[in-house]
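[1] Test case, fold it:
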Amino acid sequence: MTTVHFMPHDIAVPVVPGTLLVDAARAAGINMETPCDGAGTCGKCKTKVSDECRKNLSESSHDSPNREAREGGWVLACQTKVLGDVHVEVEAKSGDGLQILSEGQTLAVEIDPWIRKCFDLPTDSTRVYAGDAVLLEEPGDTTAHSYGVAIDIGTTTLVVTLLDLRTGAELGVSSSLNPQALLAQDVLSRIKIGSKPEGLAKLHGELIEEIERQIAYLAAQADVSLDHIYEAVFSGNTTMLHLATRTDPASLGKYPYALALEGGQHVRAREIALGISRHGLVYLPPIMSAYVGPDITSGILSTRLPEQAGIVLLVDIGTNGEIVLSVDGKLTATSTAAGPAFEGMNIACGMRASRGAVELVSLGDHGIHVETIADAPAVGICGSGLLDVVGELASQGGLDKNGRFQNNGTSHAQPWRDQWEKVDGKATFRIAGPVYLTQKDVRQVQLAKGAIRTGIEMLLKSNKVEAAQVDRVLIAGSFGFHLRTASLIHLGLLPKEFGDRVEFVGNTSKSGAQAFLLNRHTRDKMKEIVEQVEVLELANDPAFEKSFVQSLLF
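    Presented below is the predicted three-dimensional model:
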């Protein structure tokens, strides 16, 4: 055995020689991100070693991210094996205090849950019903104790809500990072990992463990017994529900992208090792397609989209851009692979929305104005700040329509011209402190915003609707809530005609899940609606490529 000593945590862990440094970190209880699944391409697991310790490490000869990591004594933990005793320094990251939106547009529903209780005086017992069937019998009168949890399983984040099924009261909300994001940042990577038995077991196990931790915390805070939590609703994209139920997602990653889960059904909590009542059930909302999932079903329910008059667009902006167009109640849905840039991934100074992340940037006559989460010193930039700075540069001449930096000539007319500088010989735009924007970052934003804009354009076109005819634009999702309309317009993520019609409706996946939990009739209703939704598969449309190229422009 050999020992790896991690600083600044001051944790030492014994490992077998040949162990990857990232595995040693996890053995030490240190959460180290490898969103590229250990391919050595994201550079997020940088670890610093001294020249003296380097002889006890074996580094791969990976391409550019690894070469960059080596500068200044850094290595990539996912590409470096431990051969002897070493002291290493893990790159400081502000992972605590992750800013996760747990509120969404609320939907008032009649309290009529799937779970109900009936006390039988002659037998001094309480029957617990699931629908019309008896789920279990409990001794004594337990009718005052009936609870459920609504769980929004995002690609990046988790939000768990504990509710009283008798009154509909929200007893507590807890949120955290989806632990799967430490292993792979996007849906396609998780499908690849989860297609192997050991990968599926790991992704499922870590997710359920974190969900259980949050449920236990909320139950303790509210003085609720886990035995009295009878139902959970899982709301998330299609891949997340496959992984959460330990269902092989392989079919989602290859044509014809078939579902192994249909949704609109229950699974038993004990079958997926979820620690609520031993007779507990997990409800999965109806699924539209492999890439338009139950989170959008919840969003449609939460916003009452089929009941809206006129033309209404629902856009969930995140790693997966899911979009629904309602034309007098007729729904068409699609999805686009926006990628992880909105979560601060694949960005030079990118980070998730936590303490010290730049979340707002504006450029004006007096230079640059920056705001960070918790007003802490800037340590990185999250998605909202990234879209802000790129949008501001695009609208004020700092970028041309193709996204190229305009830091020569016209820069003398820019009050913020001093922000242009070179880092490692490459042009950058200094945002605040150690945080800067690169040309490559701009390209990542272009690809992400181009994907979503293409989805919008294709949906409008398929319904013969012009942008000017859209009455309302509902922006959903935790990430979307922190955006500014001006940035979305400047970027070209939304058509300029939408400028005065945008509404931010928050975490509709969470609020829709609550409605499913509190009113059983919403389930049959949404199943009927989902069956009538037309799903537009963009990849099958010959006009997709041309529209996508056009949507890349600022």
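[2] Let me see the mean pLDDT of stretch 437-451.
    Across stretch 437-451, pLDDT averages out at 95.
[3] Kindly report the same for stretch 239-251.
    Here the average pLDDT along stretch 239-251 is 98.
[4] Which of the residues in it are classified as buried?
    239-247, 249-251 (16 or more other C-beta atoms under 10 Å). Placement of C-beta: from N, CA and C, glycine included.
[5] Likewise for stretch 401-408?
    Of the residues in stretch 401-408, those buried (16+ other C-beta under 10 Å) are 403, 405-407.
[6] now that stretch: how far from the chain's centre is it?
    30 Å (C-alpha atoms, centre = their mean, to the nearest Å).
[7] Could you do stretch 262-275 as well?
    22 Å.
[8] Kindly report the same for stretch 303-318.
    The answer for stretch 303-318 is 20 Å, by C-alpha atoms, centre = their mean.
[9] all numbers from here: first residue = 538
    All right, first residue 538 from here; so that's stretch 840-855.
[10] Just the CA trace of that stretch, in CSV.
    Below are the C-alpha coordinates for stretch 840-855, written out as CSV (Å, rounded to 0.1, in the frame of the first residue of the first chain):
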residue,chain,number,x,y,z
THR,A,840,-48.4,26.2,-16.4
ARG,A,841,-51.7,24.8,-17.6
LEU,A,842,-50.4,25.1,-21.1
PRO,A,843,-53.2,23.2,-22.9
GLU,A,844,-55.7,25.7,-21.4
GLN,A,845,-53.9,28.8,-22.5
ALA,A,846,-55.5,30.9,-25.1
GLY,A,847,-53.5,32.1,-28.1
ILE,A,848,-49.9,31.1,-28.9
VAL,A,849,-47.7,30.3,-25.9
LEU,A,850,-44.1,29.0,-25.9
LEU,A,851,-42.6,27.1,-22.9
VAL,A,852,-38.8,26.9,-22.9
ASP,A,853,-36.9,25.0,-20.3
ILE,A,854,-33.3,26.2,-20.6
GLY,A,855,-30.6,23.9,-19.3
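[11] tell me the mean pLDDT for it?
    pLDDT averaged over stretch 840-855 gives 94.
[12] Same check on stretch 730-737?
    Mean predicted confidence for stretch 730-737 is 97.
[13] what comes up buried for it?
    By neighbour count with 16+ other C-beta under 10 Å, stretch 730-737 contains the buried residues 730-732, 736-737.
[14] Switch the buried residues of stretch 938-945 over to JSON lines; also include secondary structure.
    Converted to JSON lines, these look like this (DSSP: H, G, I helix; E, B strand; the rest coil):
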{"residue": "940", "secondary structure": "coil"}
{"residue": "942", "secondary structure": "strand"}
{"residue": "943", "secondary structure": "coil"}
{"residue": "944", "secondary structure": "coil"}
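[15] May I ask which of the residues you listed comes out lowest in pLDDT?
    Lowest pLDDT of these: residue 944, 83.
[16] In the sheet, which residues pair with the residue nearest to that one when sequence neighbours are not counted? Tell me.
    Nearest residue to residue 944, sequence neighbours excluded (C-beta to C-beta, 6 or more residues apart in numbering): residue 957, at 4.1 Å. With DSSP bridges as the criterion, residue 957 is bridged to residue 966.
[17] Which neighbouring residues are in contact with residue 957, exactly?
    Residue 957 makes contacts with 942, 944, 948, 964-967, as judged by C-beta atoms under 8 Å, 6 or more residues apart in numbering.
[18] and which of those is nearest residue 836?
    Of all those, residue 966 has the smallest distance to residue 836: 34.8 Å, by C-beta to C-beta.
[19] Give me the neighbour count for the closest one.
    Neighbour count for residue 966, taken as other C-beta atoms under 10 Å: 26.
[20] Hmm, residue 974 and it touching each other?
    Yes. Counting by C-beta atoms under 8 Å, a contact exists between residue 966 and residue 974, whose distance comes to 4.4 Å.
[21] joint contacts of the two?
    926, 930.
[22] Next, the contact list for residue 915, please.
    893-895, 907, 909, 968-972.
[23] can you map out the strands along the stretch 838-987 of the chain?
    848-853, 857-864, 867-874, 894-901, 904-909, 917-918, 957-960, 963-969, 972-975 (DSSP state E, counting those that start in this stretch).
[24] got the ones you listed as a markdown table, with distance to residue 1008 columns?
    Shown next, in a markdown table, are the strands of the stretch 838-987 of the chain (distance: least, C-beta to C-beta, whole Å):
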| stretch | distance to residue 1008 |
| --- | --- |
| strand 848-853 | 5 |
| strand 857-864 | 10 |
| strand 867-874 | 14 |
| strand 894-901 | 29 |
| strand 904-909 | 32 |
| strand 917-918 | 34 |
| strand 957-960 | 42 |
| strand 963-969 | 36 |
| strand 972-975 | 35 |
